[in-house]
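Asks: Here's a sequence, model it:
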Amino acid sequence: MGLVRKCLLSLLCRDDAASSGSSTIAEQSIKRPPVHKHRSSEKHHSELTQCTAFELPQPFSDYESYSNASRLYLNMGEAHIFKTFPSDALVPLEDEGVGRLKGVYEAWIPRRGAVTRDRLSGVYTLVFLNSSCCEGTISCQNTSHTRRIRKHYVQCLYAGTGVRRGCGLVGDSPCTGIELWIKGSLPVTGPWVQSMYVPPDERLNKLCLVAAPRSDFTKVFNAGNSLMERPDLTAGPRNSVFELDSDVYIYVCRLSPCSSICYTAASAVRSKSEPPMYEFPRIHRAATISTTLPGTEAAAHMHRRLRSPKPGKTRSVYIHVYSNFAKDGRTRTGGARLMLPSSIQLSNGDGIHLKNVTPAADINIKNAGFDRAQFILIDMPGYQDDSDDARSI
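Replies: Residues are numbered from 1 along each chain as shown. Here you go, the predicted model:
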């Protein structure tokens, strides 16, 4: 017992010595990790400045985002249509949109539903069908053509001098899809329509090109007024795509979770060959133009065309993520989440306009969500507004 008591007393004395500031030989032999002192705020700020000086420059100077919640809901009876650029009109107005892009619509059509017929001209409409099948008619002059769009297909319709169209659902399951409106250039010729099959493998974790500018902007596909049905296409690296009369590239992609891609913006060489933009008459109503223009109207129209904004040295990139629809046609929060430079995040139904994109610059896109993200990317020229009434950006 005496020996045990002596050991306990020696331990207590050692603790008292440590608390009083003295240390034993055993404690001095212990190697302790060095203590890192907090850096001063000025030194830390200078080091951050040195680090940011070597960061890569952003490929764009500014951006404008479009949230899914801010879209305009158009209740057209059976069909539910969501318009990205909100306004009181169903069709795009002259002062709407982003550059050549004048409208982004997403539709949900219930079982045995249909979409009301509309009339349009002077624009390209690209319909991306995400599920089911739709069938409708395209009327031009005194003739009507029946067209069918299936899943994994894209239809490009150049309205030209003017067409009327409408569609209905084929099958027992609801249909979802997205439609783009691209503004055309002069001359306004006869309408034509063309379809493209996009295999799922061609757009999975890679950008699939579906539309691009034609090599010769003066080339005319249809010199008449009746609708021309062009042969079908199949998407692929070396296959043909929809040919537009403007410097616009359209891609579609389906990105898996944790996957990423790198998009390289179009070069400045292509942007120099941008044709003049077609100006609609200043009625600020629908995107429907008159097929015959009197002398004074023709002169005024030519004047507006000459005053169109000129393409600048930068590009504009627009990205839209497909919506996630519930069984009743309402949009819901999905599992897609795209990550872009500058910590930009896009969810289902969101869109973003990247302004003043440096030509040939790389834009990294990653899916940080838990579900696949299907999106459309549009690369078009940026414009410099020299006139007061030019509405381009």
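
Asks: Quick one, grab the pLDDT at Ala373.
Replies: Looking at Ala373, its pLDDT reads 95.

Asks: ok, what's across the strand from it?
Replies: Ala373 has the following beta-bridge partners by DSSP bridges: Leu255.

Asks: What about the residue nearest to Thr331 when sequence neighbours are not counted, how many residues nearby?
Replies: In space, and not counting its chain neighbours, Thr331 is closest to Ser323: 4.9 Å by CB to CB, 6 or more residues apart in numbering. To be clear about C-beta, it is placed using only N, CA and C from the backbone, and glycine gets the same treatment. A total of 24 residues lie near Ser323 under the criterion other CB atoms under 10 Å.

Asks: swap in the one 4 residues further on?
Replies: Taking other CB under 10 Å as the criterion, the count of residues near Lys327 is 9.

Asks: picking that back up, hmm, the residue nearest to Thr331 is touching Thr84, no?
Replies: No. In this structure Ser323 lies outside contact range of Thr84 using CB atoms under 8 Å: 10.4 Å.

Asks: Can you report phi and psi for Thr218?
Replies: Main-chain dihedrals, Thr218, degrees, to the nearest 10: phi -90, psi 0.

Asks: now do Ser342
Replies: phi 70, psi 30.

Asks: unless I'm mixing things up, it is touching Tyr63, no?
Replies: Yes. Counting by CB under 8 Å, Ser342 touches Tyr63, with 7.5 Å between them.

Asks: Could you give the bridge partners of Leu338?
Replies: Leu346, Asn367.

Asks: Surely it and His320 touch.
Replies: No. The criterion here is CB under 8 Å, and Leu338 misses it with His320 at 10.3 Å.

Asks: Which neighbours do the two have in common?
Replies: By CB atoms under 8 Å, 6 or more residues apart in numbering, Leu338 and His320 have these common neighbours: Phe375.

Asks: re earlier: do me a favour and get the backbone dihedrals for the residue nearest to Thr331.
Replies: phi -80, psi 160.

Asks: for it, what are its contacts?
Replies: Ser323 neighbours (CB under 8 Å, 6+ apart): Asn68, Phe82, Glu106, Thr176, Thr331, Gly334, Asn348, Gly349.

Asks: For Asp371, state which of the residues you listed is nearest.
Replies: Asp371 lies nearest to Gly334 out of the contacts of Ser323, by CB to CB, at 5.9 Å.

Asks: So the closest one is in contact with Leu346, correct?
Replies: No. Gly334 sits out of contact with Leu346 when judged by CB under 8 Å, with a separation of 11.1 Å.

Asks: who's more crowded, those two?
Replies: More neighbours surround Leu346 than the other of Gly334 and Leu346, with 25 against 21 (other CB under 10 Å).

Asks: which residues touch that one?
Replies: So Leu346 contacts Ser65, Ile319, Val321, Ala336, Arg337, Leu338, Leu340, Ile352, Phe375 (CB under 8 Å, 6+ apart).

Asks: Among the residues you listed, which one lies nearest to Asn364?
Replies: Leu340 (7.4 Å).

Asks: Find the pair from the contacts of Leu346 with maximum spatial separation.
Replies: Largest pairwise distance in the contacts of Leu346, by CB to CB, is 15.4 Å, between Ser65 and Ala336.

Asks: And these two? Which one has more around it.
Replies: Ala336 (26 against 12).

Asks: mind listing what the more buried one touches?
Replies: Shown in contact with Ala336 (CB under 8 Å, 6+ apart): 255, 321-322, 324, 346-348, 367, 369, 371-374.

Asks: pLDDT (mean, whole number) over the host helix or strand of Arg147?
Replies: Arg147 belongs to strand 143-150 when assigned by DSSP states H and E. In this model, strand 143-150 has a mean pLDDT of 89.

Asks: okay, that strand in CSV with CA atoms only?
Replies: The C-alpha atoms that make up strand 143-150 are tabulated as CSV, following Å, rounded to 0.1, in the frame of the first residue of the first chain:
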residue,chain,number,x,y,z
THR,A,143,-52.9,22.5,-100.0
SER,A,144,-52.4,20.6,-96.7
HIS,A,145,-49.6,18.2,-95.8
THR,A,146,-49.9,15.6,-93.0
ARG,A,147,-46.7,15.3,-90.9
ARG,A,148,-45.9,13.0,-87.9
ILE,A,149,-43.2,13.6,-85.3
ARG,A,150,-42.1,10.6,-83.2
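
Asks: Tell me which other helices or strands it touches.
Replies: Under the contact definition 3 or more CB pairs under 8 Å, 6 or more residues apart in numbering; DSSP states H and E, strand 143-150 sits against strand 123-129, strand 133-140, strand 192-197.

Asks: now do 7 Å
Replies: Judged by 3 or more CB pairs under 7 Å, 6 or more residues apart in numbering; DSSP states H and E, strand 143-150 is in contact with strand 123-129, strand 133-140.

Asks: out of these, which comes closest to Gly113?
Replies: strand 133-140 (9.7 Å).

Asks: ok, and for that closest one, which residues are buried?
Replies: Cys134, Gly136, Ile138, Ser139, Cys140 (16 or more other CB atoms under 10 Å).

Asks: Where does the nearest residue to the fourth one once chain neighbours are set aside sit, in terms of helix or strand?
Replies: This means Ser139. Distances taken as CB to CB, 6+ apart place Arg164 nearest to Ser139, at 4.4 Å, with adjacent residues excluded. Per DSSP H and E: Arg164 is located in strand 163-170.

Asks: about what we covered before: in terms of neighbours, single out the busier of Ser342 and Tyr63.
Replies: Neighbours per residue, other CB under 10 Å: of Ser342 and Tyr63, the larger number sits with Tyr63, 18 against 10.

Asks: Could you measure from the more buried one over to Thr264?
Replies: 18 Å (CB to CB, to the nearest Å).

Asks: Which residues does stretch 135-143 contact?
Replies: 144-148, 157, 163-168, 170, 191, 193, 225-227 (CB atoms under 7 Å, 6 or more residues apart in numbering).

Asks: Pull out the buried residues from the contacts of Leu346.
Replies: Ile319, Val321, Ala336, Arg337, Leu338, Leu340, Ile352, Phe375.
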